[in-house]
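Asks: have a look at this fold, sequence not included:
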DNA sequence: GTCTATAATTAGATAGAC
DNA sequence: GTCTATCTAATTATAGAC
């Protein structure tokens, strides 16, 4: 930390990361398209031009935000728990990991889940997201083949319903709230694997 | 049908309903905010001004579309199957009904699920949607109290995970596709009530 | 029911000073 | 790192003719 202060001359100011965080918050509140660089500047108590000092375009702000979410999800697939053991255990690990990324990088994943593919940046993000989905579908197929999962429902439908549950967490989970993230992951797995009916 | 032809003078043209359908399709493809009246006019092979003959504003187009979805969902709560019988049966009826509305009014419900509350029209729609959610939460609580559902998971979390599964159907269900809508409702109930694990 | 033309506003982005 | 001022293009919406 020999030269940690030189950039601290004059006004404090923002770095790229700090702007990204506030921008993603606004994108999630109003929607990416409905969030103009003008209101973004107002939120930052900054001029529009100052934002362009940190990002080359509105598109690039979105790009970096989506990377944050996708890198996290793809990372889960590379963890040891996702690579070794029975298929049902690997599937459970990935679902828990997805819930973990969702809750720890909530604004970024929320943004990712709302992307529709309007621009090249959005289409690339959708491609990476679909690849993640396919990896999980493979795990569902494996778990069914090893006899761990029921075989009367199409694996793609199963995967989609699983992600439906997991991804919907982004709509209502709040870090300050009563729900513990690990408990939430347990609940998702309990409902998904054993169902809601009392036995 | 004594006077069904007088409006058919001159060019065929659109009525409000036909424009609404195409508009909702565009809103879902690009997002409401990203869909300008200009591209809407292009889709309709119509001028922008012609659209304003049928709707007073872009906002009103959204309003009518959201009503279509909300009226359908609220209607499910009024059906006999939602009002009589055990709580678990009423809950199952409402979930099936929600899947039915989702699949039969797919574009309208899809649009509803993406509304964020930017305008007064959107906020009113969110209020009605939350009221529907609360009604289902009540059914979950009743079903738990009558001993039909497990009691170790918070009813609000249960409701949200249920809606997570149901609503996610809008992301991938296509009427032309292989999935039958009634079969799909069965699958949702099977996963939700009995779980995925093989017994 | 639709058109062309246009008003009024706002969008994303840049220039150049400090 | 931030500012004011400004550009160009696109936006929602309207006026008035056919």
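Replies: Done, it's in. Everything quoted here is computed from the prediction, not taken from an experiment.
Asks: next, count neighbours for whatever residue of chain A ends up closest to DNA strand D.
Replies: When scored by CB to the nearest atom of the strand, chain A has residue A:13 as its residue closest to DNA strand D, at 2.3 Å. Backbone N, C-alpha and C define where each C-beta goes, glycine included. Residues lying near residue A:13 (other CB atoms under 10 Å in any protein chain shown) number 14.
Asks: quick one: it is in a helix?
Replies: No. Residue A:13: not assigned to a helix; according to DSSP: H, G, I helix; E, B strand; the rest coil it is coil.
Asks: and the pLDDT for it?
Replies: Looking at residue A:13, its pLDDT stands at 83.
Asks: do the same with the one 3 residues further on
Replies: Residue A:16 is assigned a predicted lDDT (pLDDT) of 93.
Asks: in this structure it contacts residue A:52, no?
Replies: No. Residue A:16 lies out of contact with residue A:52 (CB atoms under 8 Å); the separation is 12.0 Å.
Asks: list the buried residues of stretch A:67-80.
Replies: A:67, A:68, A:69, A:70, A:72, A:73, A:76, A:77 (16 or more other CB atoms under 10 Å in any protein chain shown).
Asks: are we agreed that the second one is in a strand?
Replies: Yep, that's residue A:68 we're talking about. No. Counting by three-state DSSP, residue A:68 is not part of a strand but helix.
Asks: tell me what whichever helix in chain A runs longest is packed against?
Replies: Counting residues, the longest helix found in chain A (DSSP state H) is helix A:120-145. Secondary-structure packing of helix A:120-145 (3 or more CB pairs under 8 Å, 6 or more residues apart in numbering or on different chains; DSSP states H and E): helix A:58-78, helix A:87-104, helix A:155-172.
Asks: can that helix be said to contact DNA strand C?
Replies: No. Using CB under 7 Å from any atom of the strand, helix A:120-145 stays clear of DNA strand C, coming no nearer than 11.0 Å.
Asks: starting at the chain centroid, how far to that helix?
Replies: Distance, stretch centre to chain centre, for helix A:120-145: 14 Å (CA atoms, centre = their mean, to the nearest Å).
Asks: just want the angle from it to helix A:87-104.
Replies: Relative orientation of helix A:120-145 versus helix A:87-104 (axes from the mean of the first three to the mean of the last three CA atoms, to 10 degrees): 150 degrees.
Asks: and helix A:120-145, what's buried?
Replies: Buried, per 16+ other CB under 10 Å, within helix A:120-145: A:121-122, A:124-125, A:128-129, A:132-133, A:135-137, A:139-144.
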